[in-house]
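A.B. asks: Structure for the following, please:
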Amino acid sequence: MSHIHHIGRCEVAERELFSLVLPDFPSMPDSLSLPSRHFIAFLAADASDIDTRVLAGFSRRLIGAGCVYFCTWGADCERVHDVFDGECLDIDPVIMTTWHSEDSLDQALWFFVRSAFPDDGYRDTTRSGLAISVGRPDWDEHIRTRLADIDSLTKDVVDET
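C.D. replies: Numbers count the residues shown, from 1 in each chain. Predicted structure coming up:
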């Protein structure tokens, strides 16, 4: 069973931040123990060899668990984004999605904590952010380290540009 780790709080976004390491996409649980009904999700994964049906099942579980904004980064993240979009087309209020194929992991994480805000219909019920890494525990370690010190992350990302 995968364990959700509390990282800390992002005061700017007024959100508690968590991470989740999954060995593979089918390991995504149907429900999550987060402090708010809805959450912003960040996915770091290499999906280049993953069947579209597997990605669709992952997307449905994530949406069912309360995801209302989905950011994805890593190899083939544009396809992951498109599959996720296909699973939430008829949901209202709209679920926002972004992909970050041209960004570094740090740039994508910075977007996740500083720029990803849900549709106004979810504003009052979205107080959590969940960063998921699939198949790469080293990415989870990087994610947790960077999100634990958002000021340092911000400085490094701003200095990159």
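
A.B. asks: So which residues of the protein form strands?
C.D. replies: Secondary structure of the chain (DSSP state E): strands at 4-10, 15-22, 38-44, 67-73, 96-99, 126-134.

A.B. asks: what about C88, distance to D46?
C.D. replies: 23 Å (C-beta to C-beta, to the nearest Å). Where C-beta positions appear, they are placed from N, C-alpha and C, glycine not excepted.

A.B. asks: of these two, who's got more company?
C.D. replies: C88 (19 against 15; other C-beta atoms under 10 Å).

A.B. asks: Pull up the gap between the closest residue to that one other than its chain neighbours and E78, please.
C.D. replies: Leaving aside its chain neighbours, C88 sits nearest to I95 (4.3 Å; criterion: C-beta to C-beta, 6 or more residues apart in numbering). According to C-beta to C-beta, I95 stands 17 Å off from E78.

A.B. asks: Quick check: the gap between the residue nearest to C88 and C77.
C.D. replies: 17 Å.

A.B. asks: likewise V54?
C.D. replies: Following C-beta to C-beta, the distance that separates V54 from C77 is 15 Å.

A.B. asks: Comparing the two, which shows the higher neighbour count?
C.D. replies: C77 (24 against 15).

A.B. asks: Tell me who's in contact with the more buried one.
C.D. replies: C77 makes contact with L43, A45, A47, W99, H100, S101 under the criterion C-beta atoms under 8 Å, 6 or more residues apart in numbering.
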